[in-house]
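Asks: Below: sequence and its predicted model.
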Amino acid sequence: MQNDAITALNASWVAPVVPRQQLWADFSVVMHQDRIIDLISTKDLAEKYPHADCVDLSGHLLIPGLVNLHTHAAMSLMRGRADDLPLQDWLQKNIWPLENQVMSAEFVKDGTLLACAEMLRGGVTCFNDMYFFPESAAKAAIEVHMRASLGILAIESHSAYGMDALDYLNKGLATRDALRDESLISFCLAPHAPYSVSNQTLERIALYAAELDLPVHIHLHEAIDEIEQSLQQYQVRPLKRLQHLGLVDPHLVAVHAVHLNTEEIELLSEHGAHVAHCPTSNLKLANGLCDVGALLKAGVNVGLGSDGSASNNRLDILAEMRLGALLAKFKQNDAGVINVHQALEMATLNGAKALGLDQKIGSLEIGKKADIVAVNLNTLELSPCYHPLSHLTYSAGRENVNHVWVDGVQVLQHGQLLHIDQDALIKSTQHWFEIIKRDSAC
Ligand SMILES: [Zn+2]
């Protein structure tokens, strides 16, 4: 897939993310193999790199690959299967019974392939997953050449994947060992939620996180019910409980973080914890609004997640970026609480930081992996263009994503996926649709 050629992407604009709040016009990103080796004004390119293969991207904006900080990729096969329900009804009466019926390694592989296809077409080059059979999700990501951070799952209930939390953890750690040489794959610990994981398991996870230096990715303070149940059962709110168990530190990726008081925002900030903000999922399940403005003001690192397709129902980080920026303004009653540069940081570098991948990805910098997205702003709907990042945040959509490179390899060209057999994907999706439809009595 890789060769020794030097490739220059000659774009009308480059938003590198680092250095912060920059936008460079008529600029080139130069790649060699899997890395970015230079960023240079296009007028100086020919002199410095006379033999570079040039890709003309006039009218395009280059941004770092988008990072989906929270998803359950294989749930794409359940998209639209259970809508318009509150969280616990949705989860306990619909999603979990359905998962019990269909869960298998093949389900996860096929569902993750479907999710990867959707995400790549929308400019997402890296996703952080929490699901059963992570080895199947890894196979799918490697097959389509996409970067993935895979959750080493822990939940107390049994499934086709595992018997109990310890079994899940052992299986996940074995998968991590088996895939340690895969450059596209990394891992995090993924206890499902405070209400579905015991103290004993969470203590074990805190030890593993410290020993293996792994992020801990957990649904946290998502809904009022979760907090009330924790107060009843443990006499403390979930975040405090996690702190007592040694889990509030720079490894923590708190997914949702909708219901936080001032003290809890300070706690996250003081301990360098991260938040995965999933605005569409929060709205659709009517869980509330995460106060992103307050988190940013307190210095908390906030990335963006789609959540799974069963609660969103699209894996579209550009859409989350727009919605996240709008809701942050609404929540603080302040249009200036977040600007377009910060919105792009949330969708890229902040997600990479939360996953411990910010030395590799999240910005267009010399030495970083070439995970790059070219967005076509030269369309009727996006004309005139006074400010490309304004268009990216407020006007453009994933339909404007034209080319994508992951690890220096082009995976999307003129909107066409290069490493996915779309006919086979449609066939496998139809196969699961028929099974889920047949079993829809659950
Ligand atoms: Zn989730």
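Replies: Cool, the structure landed.
Asks: use CA for all of it now, contacts and neighbours both
Replies: Noted.
Asks: Next, the distance between the ends of stretch 47-66.
Replies: The first and final residues of stretch 47-66 sit 32 Å from each other (CA to CA, to the nearest Å).
Asks: if you average pLDDT over it, what comes out?
Replies: On average, the pLDDT along stretch 47-66 is 98.
Asks: ok, and what's touching it?
Replies: Identification of contacts with stretch 47-66 by CA atoms under 8 Å, 6 or more residues apart in numbering yields 5-17, 46, 123-126, 317, 347-348, 361-364, 371-378, 388, 404-406.
Asks: What are the buried residues along it?
Replies: 52, 54, 57, 58, 59, 60, 61, 62, 63, 64, 65, 66 (16 or more other CA atoms under 10 Å).
Asks: Same list, the residues you listed, but as JSON lines with secondary structure please.
Replies: What follows is the buried residues of stretch 47-66, written out as JSON lines (DSSP: H, G, I helix; E, B strand; the rest coil):
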{"residue": "52", "secondary structure": "coil"}
{"residue": "54", "secondary structure": "strand"}
{"residue": "57", "secondary structure": "strand"}
{"residue": "58", "secondary structure": "strand"}
{"residue": "59", "secondary structure": "strand"}
{"residue": "60", "secondary structure": "strand"}
{"residue": "61", "secondary structure": "strand"}
{"residue": "62", "secondary structure": "strand"}
{"residue": "63", "secondary structure": "strand"}
{"residue": "64", "secondary structure": "strand"}
{"residue": "65", "secondary structure": "coil"}
{"residue": "66", "secondary structure": "strand"}
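Asks: The contacts of stretch 47-66, buried ones only, as a PyMOL selection?
Replies: Buried residues within those, by 16+ other CA under 10 Å, are selected in PyMOL with:
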select buried, resi 6+7+8+9+10+11+12+13+14+15+16+17+123+124+125+126+317+347+348+361+362+363+364+371+372+373+374+375+376+377+388+404+405+406
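Asks: Mind checking which of the contacts of stretch 47-66 are in strands?
Replies: Residues of these located in strands (DSSP state E): 6-14, 124-126, 372-376, 404-406.
Asks: still on that earlier bit, for residue 205, state which of the buried residues of stretch 47-66 is nearest.
Replies: Nearest to residue 205 among the buried residues of stretch 47-66, counting by CA to CA, is residue 66 at 28.0 Å.
Asks: Kindly state the beta-bridge partners for that closest one.
Replies: residue 124 (DSSP bridges).
Asks: Mind splitting this protein into its structural domains?
Replies: With automatic domain parsing as the criterion, the domains of the chain are listed as 6-64+372-406, 66-354.
Asks: Please produce a markdown table containing those domains, extended by distance to residue 437.
Replies: Formatted as a markdown table, these follow (distance: least, CA to CA, whole Å):
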| stretch | distance to residue 437 |
| --- | --- |
| domain 6-64+372-406 | 29 |
| domain 66-354 | 9 |
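Asks: To residue 418, which of the ones you listed lies closest?
Replies: domain 66-354 (8.4 Å).
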